[in-house]
Structures are given as structure tokens and as C-alpha cells.
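Chemist: Okay, sequence plus prediction incoming.
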Amino acid sequence: MMEKIKKNSFIFGVIGIYLVLFVINTEKAMLSINNTGYYLKEMLIIMPVVFLLTALIETWIPKNVIMNALGENSGLKGSFISLALGSISAGPIYAAFPVCKTLLKKGASVSNIVVILSSWAVIKIPMLANEAKFLSPKFMMTRWIFTTIAIIAMGYIIGKIVKKEDIPYEAETLEKGEIAINNQICIGCGICAKEAPECFKIKNKKAILIIDNIKGKDGDKAKVAMEKCPVNAIEIGEEIDKQVIKGNVKLNQPNEAKN
Ligand code: SF4
């Protein structure tokens, strides 16, 4: 029980605040519950669509496409694609988080995620249209130009401060031949880059992937790198189902998977 409370401390904290509010000001507590109900209803309408979108990204867009378009080496092209993605989006900002998490997992850089989130929040096209109507096209254009410059600069700075390894490593299922590095345990020793330079390189004292899927000779080298990694930070999807859980590798043998 205590563990459950610890795990969901935020939710229990909010429930606690509601209870205290009920005791000291019932009217305000009822108002808060009404507001919460309103947002929960809104989320119930929006989130299924968002989850469908993330599932489609996960299933249909190959990792290398996302890495090329929005990855570490995508440069200004990546920033412009991110700006466009954020600007054409619809729905509240909280809908952007699951989408961005999927993109991040598939290889988008932290900078581009910041650009998508920021443009989603402040330069969405419907918002700009309303702004032009109520505050004049000149106001809208001027704000858009300065906001866009600020968003790209902010993406660049945050990308320098926050690294992917700062973001919690998440359970994922690797497909056959797919490679993943658990950057939270990688010690940057460079063995993988030495054994399979076609697959790994070291950046900011951590291993990063050059390719996301291995074939033939590269595959053999990558497997050697995986075996030699001193902290078991490299995972490669095999024919058997392989589930990676927060740095621990759990192998479901075929007969186990059937059960
Ligand atoms: S061998 Fe392992 S620990 Fe060393 S850099 Fe590569 S992934 Fe990191």
C-alpha cells in the first residue's frame, strides 16, 4: 500500500489538498471538482485520438525516417519540420506530450522536441488566424517572427543543457535487428564504437546510434559490441520477444511467449 502511495504521490497529494479544501472551504472545493470534471471530460474526448496518432507513428513511421528528419543531425531542416509539425497541430498542449515522447523514443532530438512543443503551444495556425483577426495581421506577423526565432534559439539551448540520457529510459519492445542503448547506464567507455564504428559513436561521453537496425556484417559487429559492453547497455532485438525493462533485459523464450 505504502509503495502504491509513493508511486502515485502526486495523485494522492492532490486528493489530500481536495480533502483539506473541503474542510476549510466547501464552496471552493466544489468549484475545483467541477473544473477537474470539465478537464477530465475534455481529456477523455481528445486522448483516444492522441493515442491512436502515437500508435500510428510507432507502427508506420520507421525510426530512420524520424532520425533523418528530426534527429541530432537534422540541423535547421529538423527545426523547420518541427516548427511545421507544431504549427499545424490541433488540440491542447497536453496532447503534444505523448506524441513528443514517441518521437523522442524513435530518434528525434531534444532540441526538436522543444521546438514542436513550443510551436504547438504558441504559434498554432488557428491561433495565428484569430490573432490576426483580433489584433491585426501586422501584430500577428511581428509576434510570429520573434516567437519563431525565440523558439529555435530555446530549442538549441535546451538541447545543449538537457541530454537524452536525462530523460527516463522506458520499457520498449525491440523488433528483430533493432538496436537500443540504455544511455542511463552507458559509461561512455567507447568499446562499442571501436568494435562497430558503423553502428555506434561516442558523443558527449555517451554512446549514440548511427544506424537503428542491423544487417549482415554490421550486425555481427554490433553483437560483439553488445557482448563486450561492460554494463550491458546495448540491446538488440532478436527472433524471440525481447522486452527491455528499465535497463534489465527480460527474454521471453518462445514457449514462454506462447503462454
Ligand atoms: S560499450 Fe556500453 S558502456 Fe561503453 S560506450 Fe558503448 S554502450 Fe556505453
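Modeler: Right, received. Where do you want to start? Numbers count the residues shown, from 1 in each chain.
Chemist: When you work out contacts or count neighbours from here on, use the C-alpha atoms and nothing else.
Modeler: Will do.
Chemist: what residue ranges in the stretch 101-250 of the chain score low on pLDDT?
Modeler: For the stretch 101-250 of the chain, residues meeting the criterion pLDDT under 70 lie at 165, 168-175, 212, 215-218, 238-250.
Chemist: So which residues on it come close to the ligand?
Modeler: Neighbours of the ligand within the stretch 101-250 of the chain, by Cα under 6 Å from any ligand atom: 186-192, 206-207, 229-231, 233-234.
Chemist: so the residue nearest the centre of the chain, which of the three states?
Modeler: For the chain, residue 101 is the residue whose C-alpha lies nearest the centre (Cα atoms, centre = their mean; 2.0 Å). Under DSSP: H, G, I helix; E, B strand; the rest coil, the three-state class of residue 101 is helix.
Chemist: State the distance from it to the ligand.
Modeler: Residue 101 sits 22 Å away from the ligand, going by Cα to the nearest ligand atom, to the nearest Å.
Chemist: and what of residue 20?
Modeler: From residue 20 to the ligand the distance is 48 Å (Cα to the nearest ligand atom).
Chemist: buried set for the helix or strand harbouring that residue?
Modeler: Element membership of residue 20 [criterion: DSSP states H and E] is helix 9-24. The neighbour-count check on helix 9-24 (16 or more other Cα atoms under 10 Å) flags 18, 21 as buried.
Chemist: by contact count, what packs against that helix?
Modeler: Applying 3 or more Cα pairs under 8 Å, 6 or more residues apart in numbering; DSSP states H and E, one finds that helix 9-24 contacts helix 26-60.
Chemist: got the angle for the helix it packs on vs helix 9-24?
Modeler: Put simply, helix 26-60 runs at 160 degrees to helix 9-24, going by axes from the mean of the first three to the mean of the last three Cα atoms, to 10 degrees.
Chemist: can you give me the angle the next helix or strand after helix 26-60 makes with helix 26-60?
Modeler: Counting by DSSP H and E, the next helix or strand C-terminal to helix 26-60 is helix 63-70. On the basis of the same axes, to 10 degrees, helix 63-70 is oriented at 110 degrees to helix 26-60.
Chemist: could you pull out the strands for the chain?
Modeler: 172-174, 179-181, 200-203, 206-209, 234-236, 241-245, 248-252 (DSSP state E).
Chemist: The third one pairs with which strands, parallel or anti?
Modeler: Strand 200-203 has these partner strands in its sheet, going by DSSP bridges: strand 206-209 (antiparallel).
Chemist: which residues sit against the partner strand?
Modeler: 180-181, 183, 186-188, 190, 192-193, 199-202 (Cα atoms under 8 Å, 6 or more residues apart in numbering).
Chemist: repeat for stretch 79-93
Modeler: Stretch 79-93 is contacted by residues 46, 69-70, 111-113, 115-121, 123-125, 152 when judged by Cα under 8 Å, 6+ apart.
Chemist: Is there a quick PyMOL command that grabs whichever of those are buried?
Modeler: Only the buried entries of the contacts of stretch 79-93 go into this PyMOL selection, using 16+ other Cα under 10 Å:
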select buried, resi 69+70+111+112+113+115+116+117+118+119+120+121+123+124+125+152
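Chemist: Give me the domain ranges for the chain.
Modeler: Here the domain parsing of the chain from automatic domain parsing is 12-59, 61-166, 172-245.
Chemist: nearest to residue 3, of those?
Modeler: Closest approach to residue 3 among these (Cα to Cα): domain 12-59, 12.0 Å.
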